[in-house]
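*Asks:* Generate a structure from the sequence data that follows.
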Amino acid sequence: MSAPTSPADLYRHSLRLLLDKNIPAWVALWAEDGLMEFPFAPDGRPRRLEGKEAIAAYMRPYPDHIDLHDFPDLRIHQTTEPGTIVVEMRGVGRMVETDAPFDMTYIAVVTVRDGRFTAYRDYWNPLAVRQPGTDFSGSGR
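*Replies:* Here you go, the predicted structure:
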């Protein structure tokens, strides 16, 4: 498969990899110096992951905790900033530990340079992490 050519194509490809639970391939879409931020993260949760290795360590256990089934309501907005998109979406699935439904709304500001994610600000709902089985960051165990 050829590399995605636009930030929107790269983002759509990244969602397919998450649904396939292919975290190594998802991490491979990142620049070495990529930055992932969670501005609404509650205390005890990471707010900033600097570099591809930190992002990989954070994402590695994700499929063991959240079984994603779909990303409905995906809307990708172009911006006037080259390489930057704004994404609105929902992630739906189930919590692996409890089998409870998972339904999270996201807004993300994503920047791509040279075909790789360089910045990703994820504005997710911090109230959702109060559900059992949602803490896969290692901070709550």
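*Asks:* and the residue nearest the centre of the chain, what pLDDT?
*Replies:* In the chain, the residue lying closest to the centroid (Cα atoms, centre = their mean) is Asp122, at 7.1 Å. pLDDT recorded at Asp122 is 96.
*Asks:* In the longest helix seen in the chain, which residues are buried?
*Replies:* If each helix of the chain is counted by residues according to DSSP state H, the longest one is helix 7-19. Within helix 7-19, the residues scored as buried using 16 or more other Cβ atoms under 10 Å are Pro7, Ala8, Leu10, Tyr11, Ser14, Leu15, Leu17, Leu18. All C-beta atoms are positioned from the backbone trio N, CA, C, and that covers glycine.
*Asks:* So the fourth one sits against Thr84, correct?
*Replies:* Same thing as Tyr11. No - taking contacts as Cβ atoms under 8 Å, Tyr11 lies outside contact range of Thr84: 11.2 Å.
*Asks:* which residues are in contact with both of those two?
*Replies:* Residues touching both Tyr11 and Thr84 by Cβ atoms under 8 Å, 6 or more residues apart in numbering: Val110, Val112.
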